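*Asks:* sequence? don't have it. structure:
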């Protein structure tokens, strides 16, 4: 019985963590697109790795968060199923 209570506590904590990931808002890709268009249209900026890195890494963060939220949804479903199995 004690293990069941520990398991339930851990699952509820995991559920809370996953819900926090889902609550994060995904950045708007419009900023990255506009930045990319400005960089392409200006020869001084298009040669600058600094500006290209801003766009590249900003887009990478947004995509990573989007993928993390997709995984969090699947994990949350698994947690819900596990809680049902132990009789939440």
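*Replies:* Great, that's in hand. As the structure is a prediction and not an experimental result, all values here were calculated from the model. Numbers count the residues shown, from 1 in each chain.

*Asks:* quick one: secondary structure of residue 65?
*Replies:* Classification of residue 65 by DSSP: H, G, I helix; E, B strand; the rest coil places it in helix.

*Asks:* surely it touches residue 58?
*Replies:* No - with contact taken as Cβ atoms under 8 Å, residue 65 and residue 58 are classed as non-touching, separated by 11.2 Å. Any C-beta I mention is one placed from the backbone N, CA and C, and that applies to glycine too.

*Asks:* mutual contacts of the two, please.
*Replies:* Common contact partners of residue 65 and residue 58 (Cβ atoms under 8 Å, 6 or more residues apart in numbering): residue 27.

*Asks:* quick one: contacts for the residue most central in space within the chain?
*Replies:* By Cα atoms, centre = their mean, the mean C-alpha position of the chain lies nearest to residue 65, the distance being 2.4 Å. Listed by Cβ under 8 Å, 6+ apart, the contact set of residue 65 reads 24, 26-27.

*Asks:* turn the residues you listed into JSON lines, including secondary structure and distance to residue 11.
*Replies:* As requested, those are arranged in JSON lines below (DSSP: H, G, I helix; E, B strand; the rest coil; distance: Cβ to Cβ, whole Å):
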{"residue": "24", "secondary structure": "coil", "distance to residue 11": "21"}
{"residue": "26", "secondary structure": "coil", "distance to residue 11": "26"}
{"residue": "27", "secondary structure": "coil", "distance to residue 11": "30"}
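
*Asks:* most neighbours, which of those residues?
*Replies:* Ranked by the number of neighbours (other Cβ atoms under 10 Å), the contacts of residue 65 place residue 27 first, at 15 neighbours.

*Asks:* that one and residue 57 touch, don't they?
*Replies:* No - proximity of residue 27 to residue 57 does not meet the contact threshold set by Cβ under 8 Å, at 11.8 Å.

*Asks:* how many neighbouring residues does residue 39 have?
*Replies:* Other residues lying near residue 39 total 18 when counted by other Cβ under 10 Å.

*Asks:* that one is in what secondary structure piece?
*Replies:* When secondary structure is defined using DSSP states H and E, the element that contains residue 39 is helix 29-41.

*Asks:* thanks a lot, catch you later.
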